[in-house]
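1. sequence plus the predicted model coming up.
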Amino acid sequence: MATVTAAAPRAALPGFLKRPAARKLLLLALVAAILVPLANARWASGTWPAALTVDVTEPLTNASTWIIDNRDSHPLFLYFFGHISNAVVISVRAVYLVLLAAGWAGVTAAASLIAWRVAGPRLAAGTAAAFLACGFLGMWIPTMQTLALMVVAVLASVVVGVVLGLAAGLSDRMDRMLRPVLDTMQVLPAFAYLLPVVLVFGIGVPAAVLATVVYAAPPMARLTALGLRGADKEVLEAVESLGTTARQRLLTARIPLARKELLLGLNQTIMMALSMAVIASVIGAGGLGDRVYQALATVDVGAALAAGIPIVLLAVVLDRVTGAAGERLGEEPQPNGRARWLYALIATVAVAVAARLAGRLDWPDAWAVNIADPVNRAVDWMTDHLYSGVPVIGGTADWAGHFTTWVLDPVRDGLQWLPWWSVLLIVAALAWLIGTWRTALTAVLAMAAIGVLGVWTPSLDTLSQVLAAVAVTLVLGFSIGIAAARSDRCERLLRPVLDVFQTMPQFVYLIPVVALFGVGRAPAVAAAVVYALPAVVRITTQGLRQVDPAALESSRSLGATPAQQLRQVQLPLARPALLLAVNQGVVLVLAVVIIGGLVGGGALGYEVVFGLAQGDLATGLVAGAAIVCLGLMLDRVTQPTERRAKKGA
């Protein structure tokens, strides 16, 4: 007779171990208890071991020397890069001559009529006012130079982005291959890849356009791939059942269904290309960026503002026009739409011809308004009265000194005091607690790569600045975002301010910051906070406003106060948006901390800028690679697994 043996009941876990985070913490404690004594016995000094460092200076220097020696004779440069350079120069020159031939009246009329047809009369009036303001500021010619450069750069970025996006959207294998490439293109600081571009193409317009393409093409590629992959499968199956080929399905179904993503990609590409206008001026782009850069060199806040305002106006106008075009996609076409476009074209040509016949192609010098002098007088007054000696609260120089002494120095010294292996353990623990072992492995490898490159100490200095700037940004951003989410009036008042801050070139922030705070790490952190704050505020506000109204109504019916609703309902439900705000804050702060190397930020930012200024490919690229590793590590540490899955990382 068979005997049935009951399975022994599994021992129940203690209550606190039922949570995955608690089990991870317990395992981390056991691993630390084993590894820490071993690591301390092997590497007691704590500094990164020289035996684990790889010197890449010699091969990079040899590559730089070979490029310089062969740039004028090697067939690769003569028959490939040379043709690309010539095509870029001819294209930019052609667009610039067309803009000059149209004259200020023709360009303003064309831009206004396009805005009118796309978004209505209100935006058309705003567009006309923006272009006229560029003329009144005495920046019409530099504006046309920048516009010509941006037209060519944006078109090239769109072509490259669409090609890469098609490859990633139609092939899973290509998507996996291109993802790390696009990540690197977006995270790598612009200063780091300006140097190799200059080595190949020299100082001038081709290098500026191609550097802009590297920076601005990834959003187009990502959103194109997203749109193609998100196409309605039922529609695609219906089209396929009709016997269409793969090419026909792409042209008649996939691309039309992805129109909104494509237009959003165009919008993001335009904004990123304009944000490169100033940085590209370092390598000969000219235009408005060159005016801002020259003003930075002489600490002329008024001249920088006069050149920075047109960049902001161009960015706002193009953002609004492309955004309005995206919102109108899918609407019924208006009657006589083609006829109205034809009338708009005729009106534009008529205005341009009339201006040409009247001899008014160039903006009249008498109409220019000088704002540099009053702005500089205001800055001088602020410097004289706010820099130091303010009763009770102290001056801005005192604030910068206290922030450096009490925050930046302790954080930097603390990170550099920690043994290198303990930093890796901390990174692994933080990444694993909010993700998986793959997340922790990626973060640790990224951090270890910094030590292998031989820039461990300056990287920790940069990390200290990033952490301090992110902390200030999140405190201010969450506070302002909560206020904007709870008050429509506050949000309306903040919107134009955030628009200006978000589109103002990064270099422009440095000038008033230096005037108020002096030179050092604190001004670099302040500029990074100003640059990253708008994105954090916008994402926080949107996340809180999108919380389910039913949940708020339910909590209100239970007698919850507004503060309780915020703490117990809105903030928990808006957690994904808040985590995204943290991620964006880290990325944007990291971008500007590098530029802060120009104003005494030191560390990796200084090494990247020094490498570009001295033509030292090894120093610039190694520091740039370290910044990419820092960005990758911080992304893995600040974003949980489910968030990265949504991002497709």
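-> Here it is on my side, so go on.
2. please count neighbours and contacts with C-alpha atoms only from this point.
-> Noted.
3. from what I can see Leu263 touches Thr322, true?
-> Yes: contact criterion C-alpha atoms under 8 Å: Leu263 and Thr322 qualify, at 7.0 Å.
4. after the helix ranked longest in the chain, which helix or strand is next?
-> Secondary structure of the chain per DSSP state H: the longest helix is helix 82-119. As assigned by DSSP states H and E, the chain's next helix or strand after helix 82-119 is helix 121-136.
5. starting at the chain centroid, how far to the helix or strand hosting Tyr531?
-> Under the criterion of DSSP H and E, Tyr531 resides in helix 521-545. A distance of 12 Å separates the centroid of the chain from that of helix 521-545, by C-alpha atoms, centre = their mean, to the nearest Å.
6. other SSEs contacting that helix?
-> The contact analysis (3 or more C-alpha pairs under 8 Å, 6 or more residues apart in numbering; DSSP states H and E) places helix 521-545 against helix 396-403, helix 456-486, helix 488-503, helix 506-517, helix 575-595.
7. let's go with 10 Å and repeat that
-> Identification of packing neighbours for helix 521-545 by 3 or more C-alpha pairs under 10 Å, 6 or more residues apart in numbering; DSSP states H and E yields helix 396-403, helix 456-486, helix 488-503, helix 506-517, helix 571-573, helix 575-595.
8. neighbours of Ala51, just the number please.
-> Look at Ala51: counted by other C-alpha atoms under 10 Å, it has 7 neighbours.
9. list the contacts of Arg71.
-> Contact analysis of Arg71 by C-alpha atoms under 10 Å, 6 or more residues apart in numbering lists Thr65, Phe77, Leu78, Phe81, Gly82, Leu199, Val200, Phe201, Gly202.
10. and Pro572, by the same measure?
-> By C-alpha under 10 Å, 6+ apart, the contact set of Pro572 is Leu544, Val547, Leu566, Leu578.
11. okay if I get those as CSV plus distance to Ile255 and pLDDT?
-> Formatted as CSV, the contacts of Pro572 follow (distance: C-alpha to C-alpha, whole Å; pLDDT from 0 to 100):
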residue, distance to Ile255, pLDDT
Leu544, 33, 82
Val547, 32, 75
Leu566, 42, 76
Leu578, 32, 81
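12. just give me the closest of those residues to Val292.
-> If you rank the contacts of Pro572 by distance to Val292 using C-alpha to C-alpha, Leu578 comes first, at 34.0 Å.
13. look up how far Phe201 lies from that closest one.
-> Distance, Leu578 to Phe201, using C-alpha to C-alpha, to the nearest Å: 42 Å.
14. could you check which of these two is surrounded by more residues?
-> Leu578 (23 against 20).
15. how close does that one sit to Gln542?
-> In terms of C-alpha to C-alpha, Leu578 sits 10 Å off from Gln542.
16. count the neighbours of Leu76 for me.
-> Neighbour count for Leu76, taken as other C-alpha under 10 Å: 12.
17. wait, I meant Ala297
-> The tally of other residues near Ala297 (other C-alpha under 10 Å) stands at 10.
18. gap between it and Ser281?
-> With the distance defined as C-alpha to C-alpha, Ala297 ends up 13 Å from Ser281.
19. now do the same contact list for the closest residue to Arg93 other than its chain neighbours.
-> With sequence-adjacent residues excluded and distances taken as C-alpha to C-alpha, 6 or more residues apart in numbering, Arg93 is closest to Ala148, at 7.7 Å. Ala148 is in contact with Ser91, Val92, Arg93, Ala94, Val95, Tyr96, Leu97, Val98, Leu99, Pro142, Gly287, counting by C-alpha under 10 Å, 6+ apart.
20. now neighbour count and distance to Val162 too, for the residues you listed, in JSON lines please.
-> Conversion of those to JSON lines gives the following (neighbours: other C-alpha atoms under 10 Å; distance: C-alpha to C-alpha, whole Å):
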{"residue": "Ser91", "neighbour count": "16", "distance to Val162": "20"}
{"residue": "Val92", "neighbour count": "22", "distance to Val162": "21"}
{"residue": "Arg93", "neighbour count": "17", "distance to Val162": "25"}
{"residue": "Ala94", "neighbour count": "14", "distance to Val162": "24"}
{"residue": "Val95", "neighbour count": "19", "distance to Val162": "22"}
{"residue": "Tyr96", "neighbour count": "20", "distance to Val162": "25"}
{"residue": "Leu97", "neighbour count": "15", "distance to Val162": "28"}
{"residue": "Val98", "neighbour count": "13", "distance to Val162": "26"}
{"residue": "Leu99", "neighbour count": "19", "distance to Val162": "27"}
{"residue": "Pro142", "neighbour count": "20", "distance to Val162": "30"}
{"residue": "Gly287", "neighbour count": "23", "distance to Val162": "28"}
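21. ok, of the residues you listed, which one's closest to Thr457?
-> Nearest to Thr457 out of those is Gly287 (C-alpha to C-alpha; 38.0 Å).
22. quick one, what contacts that closest one?
-> By C-alpha under 10 Å, 6+ apart, the contact set of Gly287 is 139-149, 277-278, 281, 307.
23. filter these down to the ones in strands?
-> If you go by DSSP state E, the contacts of Gly287 have nothing in strands.
24. picking that back up, would you list the contacts of Ala148 in JSON lines and tack on distance to Ala366 and pLDDT?
-> Formatted as JSON lines, the contacts of Ala148 follow (distance: C-alpha to C-alpha, whole Å; pLDDT from 0 to 100):
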{"residue": "Ser91", "distance to Ala366": "32", "pLDDT": "89"}
{"residue": "Val92", "distance to Ala366": "29", "pLDDT": "88"}
{"residue": "Arg93", "distance to Ala366": "27", "pLDDT": "90"}
{"residue": "Ala94", "distance to Ala366": "28", "pLDDT": "91"}
{"residue": "Val95", "distance to Ala366": "27", "pLDDT": "89"}
{"residue": "Tyr96", "distance to Ala366": "23", "pLDDT": "89"}
{"residue": "Leu97", "distance to Ala366": "23", "pLDDT": "89"}
{"residue": "Val98", "distance to Ala366": "24", "pLDDT": "86"}
{"residue": "Leu99", "distance to Ala366": "21", "pLDDT": "86"}
{"residue": "Pro142", "distance to Ala366": "17", "pLDDT": "88"}
{"residue": "Gly287", "distance to Ala366": "21", "pLDDT": "80"}
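25. quick one: which two of the residues you listed are the most distant?
-> Spatial extent of these (C-alpha to C-alpha) is set by the pair Ser91 and Pro142 at 17.2 Å.
26. count the neighbours of the residue nearest to Thr57 when sequence neighbours are not counted for me.
-> Ranked by C-alpha to C-alpha, 6+ apart and with sequence neighbours excluded, the top spatial neighbour of Thr57 is Ala618, at 5.1 Å. Ala618 has 22 neighbours, counted by other C-alpha under 10 Å.
27. just the pLDDT for Ala618.
-> With respect to pLDDT, Ala618 scores 75.
28. what angle sits between the strand or helix carrying it and helix 575-595?
-> Assigning secondary structure by DSSP H and E places Ala618 in helix 617-638. Put simply, helix 617-638 runs at 160 degrees to helix 575-595, going by axes from the mean of the first three to the mean of the last three C-alpha atoms, to 10 degrees.
29. mind giving me the packing neighbours of helix 617-638?
-> In terms of contacts (3+ C-alpha pairs under 10 Å, 6+ apart), helix 617-638 is packed against helix 57-70, helix 172-187, helix 190-201, helix 420-434, helix 437-452, helix 456-486, helix 575-595, helix 603-614.
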